[in-house]
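> Got a sequence here, can you model it:
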Amino acid sequence: MSIISTSLSLHSLSPNPNSKQFFSLISNPSPFPTSYSPKCFVIRCAKRSRRTGKLRYPSEKKKLKQIHKEKMDVKDKFEGSWRLSKLNVEIDKDPGKDFLGVSDGLLEQIAKVLEFPVASFLPAEAFTVVRKSFDARKLLKTPKFVYTVDMDVDKLLTFEPRLWDFISEMEPKMGLVEHIPQEKAVGDLFSLLHDCKKDQEGTLTVDAGSNGSIPSYKPKVAVVGSGPAGLFAALVLGELGADVTLIERGQPVEQRGRDIGALVVRRIIQPESNFCFGEGGAGTWSDGKLVTRIGKNGDSVQAVLRTLVHFGAPKSILVDGKPHLGTDRLVPLLRSFRQHLQALDVSIKFGTRVDDLLVEGGTVKGVKVSDVTKNSLIYSQELSYDAVVLAVGHSARDVYQMLLSHNVELIPKDFAIGLRIEHPQQLINSIQYAALAAEVQGGRGKVPVADYKIANYLSGEDAESSYASASRGCYSFCMCPGGQVVLTSTNPSELCINGMSFSRRSSKWANSALVVTVSSKDFESLNFHGALAGVAFQKELEQRAAVMGGGNFVVPVQTVTDFLEERISDTCLPQSSYRLGVKASNLHELFPSHITKALQDSILMFEKELPGFISKEGLLHGVETRTSSPVQIPRNSATFESTSLKGLYPVGEGAGFAGGIVSAAVDGLYAGFAAAKNLGLITADVESLLGKAQSSGLTKY
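Numbers count the residues shown, from 1 in each chain. Purely as a prediction, here's the structure:
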């Protein structure tokens with residue numbers, strides 16, 4: 001471990017903070033005397049990663065050395081800010097999960113990592129919380145809130161100019177204290193669009209001819225689907241001057257809420273307005289999770305989050321380590337989003353289903369739509385467009401079939417299927433927090449409602465059949481603390497479920513999907529082949545679940561202990577949050593045997609990580625199938641156009657390029673700018689505006 005020496009140059013600062021000399025310094029703003037001999041102290045570099053020495057590849061060593069060199073080489077310590085990471089504040093010194101300011105306890109940790117003698121001497125106004133999360137891992141003696149904080153040098157010196165010498169002597173500590181040069185602040189999408197339009201106006205003034213005017217023709221674009229991908233694509237294109245029509249088969253959130261209420265209370269399902277279809281997409285009536293694996297600190301993700309704040313999301317989503325909204329916050333947010341689009345003259349057609357594409361010479365020229373609230377045979381029309389952004393969700397199975405009729409290439413994609421497990425939230429709180437569980441207080445306490453994230457890798461080496469021999473993962477998915485199990489069927493003959501929760505996560509249940517990855521080999525085991533084999537596989541499992549439940553949307557269930565012992569639960573079942581009824585069943589009959597075995601083995605492993613997970617209070621619900629799209633629609637990574645049809649832009653979850661609200665919104669963002677460039681609305685490259693997009697061949701969840 002390397003040692004770096006530096007000095008603390010508050011020149012007349014006594015080593016004893018209680019001395020008269022120290023207090024005299026604070027009260028005396030006069031220049032520091034030069035006779036003080038600086039105190040030396042030590043800054044230690046962060047520990048190296050677990051793969052050290054000979055275990056590191058040469059390329060890794062070279063890369064780490066370069067990163068270390070760049071971060072340790074600070075050209076101007078007074079420029080920009082300093083980022084302080086891994087600041088651990090014990091729970092008794094923190095105001096709690098809803099406080100996002102700089103507390104005295106946090107100032108103490110800031111002073112500790114900076115090796116500054118007295119925390120109260122640091123002005124809280126100079127620090128901004130960038131990230132706050134709660135760490136209650138068993139290996140910790142005491143649960144802690146973990147912070148990342150930015151220190152603004154200008155503000156620091158404005159409030160306390162005598163710290164100039166201290167800043168001049170500061171040195172980075174890898175992973176703890178890093179210097180951030182002055183960079184362009186990341187704003188919301190509107191800031192990005194403003195800069196883009198400003199640059200475009202300058203380009204047009206030079207290139208547009210004698211009058212330098214903006215071309216009068218507005219390209220017509222249809223955006224199909226009003227989920228996150230469709231909304232952000234429509235927003236970008238509308239702001240950049242396209243004539244946009246947003247086409248949504250479902251209803252606006254107000255009517256959609258009433259339709260879902262009729263389903264839950266009277267078992268009346270609207271095929272086009274339900275938990276899957278309607279304004280906001282499937283994520284609206286879900287947990288509203290904003291966690292993403294594509295990098296929360298990236299410009300595109302930050303632009304999406306800040307745009308959501310603009311439309312009404314709480315600012316806490318910019319700081320929370322596990323941000324979420326909840327359905328109750330998503331509904332007004334979507335209403336605000338819609339009103340902004342309408343102010344841009346975006347035409348929004350609810351209750352309108354796209355039945356076909358209008359294609360000429362390998363190029364999309366428009367869409368054929370029908371009014372689903374009336375007789376679609378009578379109320380069908382053809383609409384012409386210069387481009388079509390296809391942002392449907394992964395439950396729009398009819399769209400996949402329609403694309404095949406135009407010879408659009410579809411690639412079968414791996415996804416995951418399984419069961420949704422539900423426990424009393426109090427049990428999960430106790431497992432995760434032990435004695436601290438009382439601090440949860442129904443979502444209004446000092447600590448977050450407890451959740452979990454578990455995974456198991458199955459190698460398949462000892463499998464008895466070729467179908468079971470494939471390596472696969474089993475993991476928790478869409479964990480909803482303080483939530484409920486809901487119906488996501490779009491067809492009365494099929495039964496599938498999901499989880500949702502409101503912003504406070506205050507219900508008495510915790511639920512999560514336990515899913516196993518499946519691939520073409522699994523589809524073939526049930527004799528399903530071709531591009532839509534995964535869709536057929538999903539439908540088969542959903543139909544089995546509907547039969548097992550006895551119809552009328554009753555869900556087949558089994559306690560965890562009985563599932564492991566392969567017996568039907570013959571005693572009283574624990575209470576379920578699912579409101580349409582449950583029926584004791586043998587869930588082994590749902591899946592091929594190797595899938596069931598994978599779930600059983602993984603649950604046994606999860607018990608080791610979460611003692612108490614296997615409990616008679618744990619109830620498994622069948623079936624969860626729509627974790628992600630079973631297909632991917634190939635597209636050009638630069639233009640975002642389909643490789644099969646020009647003018648068609650497949651984006652979001654339904655196209656197989658996203659998973660979750662944020663990644664879908666980011667994908668719509670990129671596609672919107674790409675389409676705008678292809679249509680002549682902007683000249684800038686997409687990457688120059690947003691940075692490099694995630695690989696189009698790799699979906700991250």
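> what pairs with the helix or strand where residue 247 lies, and is each one parallel or antiparallel?
Per DSSP states H and E: residue 247 is located in strand 243-248. As defined by DSSP bridges, the strand partners of strand 243-248 come to strand 220-224 (parallel), strand 347-350 (parallel).
> Indicate which one of the ones you listed is closest to residue 516.
Using C-beta to C-beta as the measure, strand 220-224 is the one of those that comes nearest residue 516, at 31.6 Å. For every residue, glycine as well, the C-beta is placed using N, CA and C.
> which helices and strands does the very next helix or strand once past the closest one pack with?
With elements assigned by DSSP H and E, the helix or strand that comes after strand 220-224 is helix 228-239. Contact here means 3 or more C-beta pairs under 8 Å, 6 or more residues apart in numbering; DSSP states H and E; on that basis helix 228-239 packs against helix 189-207, strand 220-224, strand 243-248, helix 299-310, helix 327-343, strand 387-390, helix 661-678.
> from the chain's centre, how far out does helix 228-239 sit?
Put simply, helix 228-239 sits 18 Å off its chain's centre (C-alpha atoms, centre = their mean, to the nearest Å).
> what angle sits between it and strand 243-248?
What separates the directions of helix 228-239 and strand 243-248 is an angle of 160 degrees, with axes from the mean of the first three to the mean of the last three C-alpha atoms, to 10 degrees.
> Stretch 382-397: end-to-end distance?
21 Å (C-alpha to C-alpha, to the nearest Å).
> Any stretches of the protein with poor pLDDT?
For the chain, applying pLDDT under 70 flags the ranges 1-72, 183-185, 198-216, 375-378, 460-469, 694-701.
> How far away from the center of its chain is stretch 341-352?
Stretch 341-352 has its average C-alpha position 26 Å from the chain's average C-alpha position, going by C-alpha atoms, centre = their mean.
> So what touches that stretch?
The set of residues that contact stretch 341-352 without belonging to it, under C-beta atoms under 8 Å, 6 or more residues apart in numbering, is 226, 231, 234-235, 238-239, 243-252, 255, 272-273, 279, 338, 369-373.
> Of these, select the buried ones using a ChimeraX command.
To isolate in ChimeraX the members of the contacts of stretch 341-352 that are buried, counting by 16 or more other C-beta atoms under 10 Å, one can use:
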select :226,231,234,235,238,239,243,244,245,246,247,248,249,250,251,252,255,272,273,279,338,369,370,371,372
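> Show me which parts of the one helix or strand residue 87 maps to are buried, residue by residue.
According to DSSP H and E, residue 87 maps onto strand 81-90. Applying a neighbour-count criterion of 16+ other C-beta under 10 Å, the buried positions in strand 81-90 are 81, 82, 83, 84, 85, 87, 88, 89.
> can I get the strands paired with strand 243-248 in JSON lines with mean neighbour count and distance to residue 424?
Listed next are the strands paired with strand 243-248 as JSON lines, based on neighbours: other C-beta atoms under 10 Å; distance: least, C-beta to C-beta, whole Å:
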{"stretch": "strand 220-224", "mean neighbour count": "27", "distance to residue 424": "42"}
{"stretch": "strand 347-350", "mean neighbour count": "18", "distance to residue 424": "39"}
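> Can you say which of the ones you listed is nearest to residue 356?
Closest to residue 356 of the strands paired with strand 243-248 is strand 220-224 (C-beta to C-beta; 11.6 Å).
> Can I get the closest one in PDB? Just the C-alpha atoms.
Output of strand 220-224 as PDB, limited to C-alpha atoms (Å, rounded to 0.1, in the frame of the first residue of the first chain):
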ATOM      1  CA  LYS A 220     -44.400  13.500 -40.500                       C
ATOM      2  CA  VAL A 221     -43.500  10.900 -37.900                       C
ATOM      3  CA  ALA A 222     -45.700   8.300 -36.200                       C
ATOM      4  CA  VAL A 223     -44.600   7.100 -32.800                       C
ATOM      5  CA  VAL A 224     -46.400   3.800 -32.000                       C
END
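> surely residue 237 meets residue 221?
Yes. In this structure residue 237 lies within contact range of residue 221 using C-beta atoms under 8 Å: 5.3 Å.
> Mind listing the shared neighbours of the two?
Contact criterion C-beta under 8 Å, 6+ apart; residues shared by residue 237 and residue 221: 244, 389, 675.
> thought the first one was touching residue 234?
Yes. Using C-beta under 8 Å, residue 244 is in contact with residue 234, at 5.3 Å.
> Mutual contacts of the two, please.
Shared contacts of residue 244 and residue 234, defined by C-beta under 8 Å, 6+ apart, comprise 223, 341, 346.
> Contacts for stretch 530-544 next, please.
Residues outside stretch 530-544 that contact it (C-beta under 8 Å, 6+ apart): 397, 400-401, 404, 410-413, 415, 417, 489, 493-496, 518, 520, 522-524, 526, 528, 589-591, 623, 625-626, 630-631.
> Name only those of those residues that count as buried.
Applying 16+ other C-beta under 10 Å to the contacts of stretch 530-544, the neighbour count classes 397, 400, 410, 412-413, 415, 417, 489, 494-496, 518, 520, 522-523, 528, 590-591, 623, 625-626, 630-631 as buried.
> Would you mind identifying the next helix or strand past whichever strand or helix holds residue 158?
In this assignment (DSSP H and E), residue 158 forms part of helix 153-159. Counting by DSSP H and E, the element after helix 153-159 in chain order, helix or strand, is helix 164-168.
> Determine which of the helices and strands packed on helix 228-239 approaches residue 121 most closely.
Comparing the helices and strands packed on helix 228-239 by C-beta to C-beta, helix 299-310 comes nearest, at 32.3 Å.
> Just give me how far the closest one sits from the chain centre.
The offset between the C-alpha centroid of helix 299-310 and the centroid of the whole chain comes to 12 Å, using C-alpha atoms, centre = their mean.
> you'd agree residue 104 is up against residue 110?
No. Checked against C-beta under 8 Å, the pair residue 104 and residue 110 is beyond contact range at 10.5 Å.
> So which of the two has more stuff around it?
Regarding residue 104 and residue 110, a neighbour count based on other C-beta atoms under 10 Å identifies residue 110 as having more, with 22 against 13.
> wait, what's in contact with the more buried one?
When contacts are counted by C-beta under 8 Å, 6+ apart, residue 110 touches 84, 87, 116, 119, 122, 127, 149, 151.
> Could you do residue 636 as well?
Residue 636 makes contacts with 642, 643, as judged by C-beta under 8 Å, 6+ apart.
> Pull up the gap between it and residue 648, please.
In this view, residue 636 and residue 648 are 11 Å apart by C-beta to C-beta, to the nearest Å.
> Could you tell me which residues touch both of the two?
Shared between the contact lists of residue 636 and residue 648 (criterion: C-beta under 8 Å, 6+ apart) are residues residue 642.
> end-to-end on stretch 156-163?
With C-alpha to C-alpha as the measure, stretch 156-163 spans 8 Å from end to end.
> repeat for stretch 388-402
Using C-alpha to C-alpha, the end-to-end distance of stretch 388-402 comes to 14 Å.
> Also stretch 540-557?
When the end residues of stretch 540-557 are compared by C-alpha to C-alpha, they are separated by 18 Å.
> Can you point out the buried residues in that stretch?
Along stretch 540-557, these residues count as buried under the neighbour rule (16+ other C-beta under 10 Å): 540-542, 544-546, 548-549, 553-557.
> likewise stretch 371-384?
Buried residues in stretch 371-384, counting neighbours by 16+ other C-beta under 10 Å, are found at 371, 372, 383.
> Pull the contacting residues for the last one.
Applying C-beta under 8 Å, 6+ apart to residue 383 gives the contacts 222, 245, 366, 367, 368, 369.
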